[in-house]
Structures are given as C-alpha cells and as structure tokens.
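Student: A predicted structure for the sequence below; I have some questions about it.
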Amino acid sequence: MARRLLTLLAALLFALSLGQSSASAASFANPVKAQKGADPWIAYHDGNYYLVSTSWTDVITVRKSATLAGLATAPSVQVWQGDAASRCCNIWAPELHYLNGHWYLYYVAGQNVSDYNPTQRTHVLESAGSDPLGPYTYKNQLNSAWMLDPTVATINGQLYLFGSTSSGTQNLVAARMSNPYTLATGFSTVSTPTYSWETSGGSVNEGPEILQRNGQTFLVYSASGCWTADYKLGQLTLTGSDPLSASSWTKKSTPVFQRSDAGGVYGPGHNGFFTSPDGTENWIVYHANDAASEGCDNGRTTRAQKFTWNSDGTPNLGTPVALGASQTGPSGEPSTVSTTYTLTNRNSGKCLDVTGSSTADGANVAQYTCNGGANQRWRIEDLGDDTSRLVNVAGGKVLDTADCSTADGADLRQWSWLDNTCQRFRFLATDSGYVRVVNQATGKVADVENCSTADSADVRQWTWLNNTCQQWRLNPV
C-alpha cells in the first residue's frame, strides 16, 4: 500500500510539474515587433528566438530573445549590408534556415531606391558557423528575373526553393536545389491565382511557406494584393509525388487565415511557422495592419499566435488575435521577460556604466565591474530606421556623442534626448555573439580607451580597428 501511495504521489507531482511548466511561459501581446514588422520570419535555436523582417533599406537586422515577449524590445542587430550595386537596396522578406551545419539567409534585394520593383532578385548568404547572427558571406543570386519571397524546404529527401514570380499574375514557383545556394533545375509554376479571394486588388500568389506534419506537406501562401485589407492566406496540399508539378498540389477552395474586422486585424499575411521551445505547440508568425485603410508599407507589424490541427491532419490557423490581447507564450519558455540590457566589453569583461549613477546631462560613460546596478542597465529602443537609442535605466537619459564630434577620442556621455543622429546607434554583429556599437552620425564605434581593463576606464568613440576593446555583448537582464 505504501509503495502504491508513493507511486501515486510521484505521478501527481509529475503532473503538477508539467502544469507549472506549461503555465510558466511569459505572457505577451501583439505586436511582437512594431518597427519594420513586414514579412516576418522566426527561427528558434539553442534557447533563443531569432526574428528577421523586411527592412526596406540595404541592411538585414536580427532580433534575439529567449521569449516571444522579449522580441518586442530586443536590439535589432545588423548582420548584413548590401555590398554590390546589383543587390544594394530595398531588402525584403529575409528568412533564416539551418542546413548542413550553417545558417542560410535568403532574401530579396533591388538595384536602387527609386526603381526597385523591376530589379528585385533572390539572393542567399551563408554563415561561417552555427550562430544565426553570423558572420555571413554572400553566396549566390538564385534567379535572373524578377522574383520575391524565397523559402526552402526538404521534401522526400530533396531540397527545394519556392518563390513568387510574375507573368501578368503573380504565381508560385519551385525549383530543386543541389545545395542550399545552387539550383539543380529551372523554376516550375505550382500555383496561380484562380479563386476570387486570390484576386482582390490584384491577382497574387506569393509568400510561400512549407509546413510539414505526420508525413503530410502543406504550402501556405499569401493571396490578393498586399496593399489591400483582404490580403490573406491560402493553402496547397502535396497530394502527388513531384513538388515541381502543379498537378501534385491540391488547392483548398477557401482561405485559411484572413482579416478579422471584429478583432481589428486587416491584411494578415506573409507568414512563417515555428514550434514552441519544448516542441509541443505550433505557432504562426505573420504581419498585419490595424486599420483597413493601411497598405503595403512599414505600418505593418509582426504578430504571432498558436494554431491547432484539424481531425484530417490539416492545419487550423484560426482567426487573427486582436492587437494588444494577452496571450500565453509558447510552452517551455522562461517565465520572465528581459526588457533591459547590459553591454559587456569583450576585452575587459566590464559593463558600460554611467559614472556615479548620475542623472545629469553630460555625466560620463565608462566601463566598470558589472554589479547589476540601474546605471549599467539600458533600454534599447528601436527608432524605426535601423538605429536605436540607448536609454540608461538610472537616469532616463541617452547615450550621446559629446558635441556631435566626428573626431577619434570624442567622449561618450549621457544626455537628454534631442532626437539627433549623434544619439542614434547601430549594432553590427562581429562574431561569437558580440557587436560593435556604431554612432549613426560619425560611423565610429564605442571604444574602451587604450584597451584598459581597469574600473572607470573611459568609453569614447574611435575608428573601427576590429579589436576586442571595441566589441560588446548585449546581455538581457
């Protein structure tokens, strides 16, 4: 009897622990990303989510967070900048995929700012190792004509590239690949807009994304004009043997995810899929507008929600959740959300610190032994132009380049927010999770004077020398 009671007690404790684990995930509310939130993609790796989205500029930035809620305030770290005229501008729809021991970043880019549509092509970068933040090298252009929204997936042991091309209408196309950066075949059309719900504002099939479960393969895509409130998601099911043949795909006759006027969600589309950290839940990430009159621009925000499955094994994406509605985060997440960061110097291991916890304009910024003080914690606020401001928690003032000087050695200090470029910074990934902190006005980086390892050593700006005294780790706290 005693043994039976112990067994029952152990089972009860185990069940309670499961319940606690499931309930411990941090709550969040959409949007997951309010700035430049179009065409989002989330990958989960080694305890963190990595979020990329359309930049409309020549850079790709990545946000990293242990929780979905934390992505809203996570720093945007630049991992790539267009390096040639043929791929300089208007980067759209980046996606991260881990293949053969490397991360591959697929994206669309044009040749110039003023006439981007005709020149958009698909490109791919390769990481040096297994860090989603890179560093990355350019590998290849994957097509010679206009093409949007690349994604890759392995089907029946073969790697395929999917995208959207135009021939009067926007169609979904696919090609087999010999490796993650080389095509093995030409492109074949696998879907064209045929239903009325695919032609609102324009005849469009784009944003293909592959979803697989229990031996079934689905292709979820965006339909109708992205500039309309009726942008939505449709679904193909692979019912044949050849993913390159349109006859192998069966299209669902009705949309699977669309506007919710009751929830104030308009034009939901261009999605991605990810699973919860413990692998028990399926989630969709997508962009949407919060007014019917908003269009296909930077006003779109990144949103996420859990979805389920129908009895026939097909996905049930449900109805878009209203902006601001509380949701429980993915199962297996930490229960706390980090919204502030310390910046730890790679050379010294010491933290970026406002001297003496001063709240005064002009207070010096130096390095100091990390102690968890509010004067070493910073809110990193995205300004919507690929730059951020660093707001010190102790004084509420921002990191500032003294007198907007462009000189090497100009002091970094705190100052009241003046909304100028001397107070705007970019985070550029280096390697091993470190970044350089680059001033937007001067292009120079945060540097520990003379590579000192001493407490109170001054932090100033200096020309980038690619040394460890100029590299910092962003640590959530």
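Tutor: Sure, I can see it.

Student: for stretch 375-391, what is the distance to the chain centroid?
Tutor: The chain centroid and the centroid of stretch 375-391 are separated by 17 Å, computed with Cα atoms, centre = their mean, to the nearest Å.

Student: okay, it in PDB with CA atoms only?
Tutor: In PDB, the C-alpha atoms belonging to stretch 375-391 read as follows (Å, rounded to 0.1, in the frame of the first residue of the first chain):
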ATOM      1  CA  ASN A 375      23.200  52.700 -14.100                       C
ATOM      2  CA  GLN A 376      24.600  49.700 -16.000                       C
ATOM      3  CA  ARG A 377      21.200  48.700 -17.500                       C
ATOM      4  CA  TRP A 378      20.000  50.100 -20.700                       C
ATOM      5  CA  ARG A 379      16.700  50.100 -22.600                       C
ATOM      6  CA  ILE A 380      17.400  49.700 -26.300                       C
ATOM      7  CA  GLU A 381      14.600  51.500 -28.200                       C
ATOM      8  CA  ASP A 382      14.200  50.800 -31.900                       C
ATOM      9  CA  LEU A 383      13.800  54.100 -33.800                       C
ATOM     10  CA  GLY A 384      12.400  52.500 -37.000                       C
ATOM     11  CA  ASP A 385      15.300  53.500 -39.300                       C
ATOM     12  CA  ASP A 386      17.700  50.600 -38.400                       C
ATOM     13  CA  THR A 387      19.100  52.600 -35.500                       C
ATOM     14  CA  SER A 388      18.300  52.600 -31.800                       C
ATOM     15  CA  ARG A 389      18.800  54.900 -28.800                       C
ATOM     16  CA  LEU A 390      20.300  53.500 -25.600                       C
ATOM     17  CA  VAL A 391      18.300  54.800 -22.500                       C
END
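
Student: mind listing what's buried in that stretch?
Tutor: If you call a residue buried by 16 or more other Cβ atoms under 10 Å, then stretch 375-391 has these buried ones: 375-382, 385-391. Every C-beta, even on glycine, is put in place using the N, C-alpha and C of the backbone.

Student: next step: these restricted to strands.
Tutor: Using DSSP state E, the subset of the buried residues of stretch 375-391 located in strands is 378-382, 388-391.

Student: what packs against the host helix or strand of V220?
Tutor: Element membership for V220, per DSSP states H and E: strand 216-223. The contact analysis (3 or more Cβ pairs under 8 Å, 6 or more residues apart in numbering; DSSP states H and E) places strand 216-223 against strand 188-191, strand 205-213, strand 232-238, strand 266-275.

Student: now do 6 Å
Tutor: In this structure, strand 216-223 makes packing contacts with strand 205-213, strand 232-238, judged by 3 or more Cβ pairs under 6 Å, 6 or more residues apart in numbering; DSSP states H and E.

Student: what is the nearest of the buried residues of stretch 375-391 to W92?
Tutor: The shortest distance between W92 and any of these, using Cβ to Cβ, involves D386 and amounts to 14.4 Å.

Student: residues contacting the closest one?
Tutor: Contacts here follow Cβ atoms under 6 Å, 6 or more residues apart in numbering; on that basis D386 touches 57, 59.

Student: next one: K139
Tutor: Contacts of K139 by Cβ under 6 Å, 6+ apart are 124, 126, 181.

Student: make it 7 Å
Tutor: K139 makes contact with 124-126, 181, according to Cβ atoms under 7 Å, 6 or more residues apart in numbering.

Student: possible to save these as TSV with distance to E281, neighbour count and secondary structure?
Tutor: Formatted as TSV, the contacts of K139 follow (distance: Cβ to Cβ, whole Å; neighbours: other Cβ atoms under 10 Å; DSSP: H, G, I helix; E, B strand; the rest coil):
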residue	distance to E281	neighbour count	secondary structure
V124	30	23	strand
L125	30	23	strand
E126	30	19	strand
Y181	32	20	coil
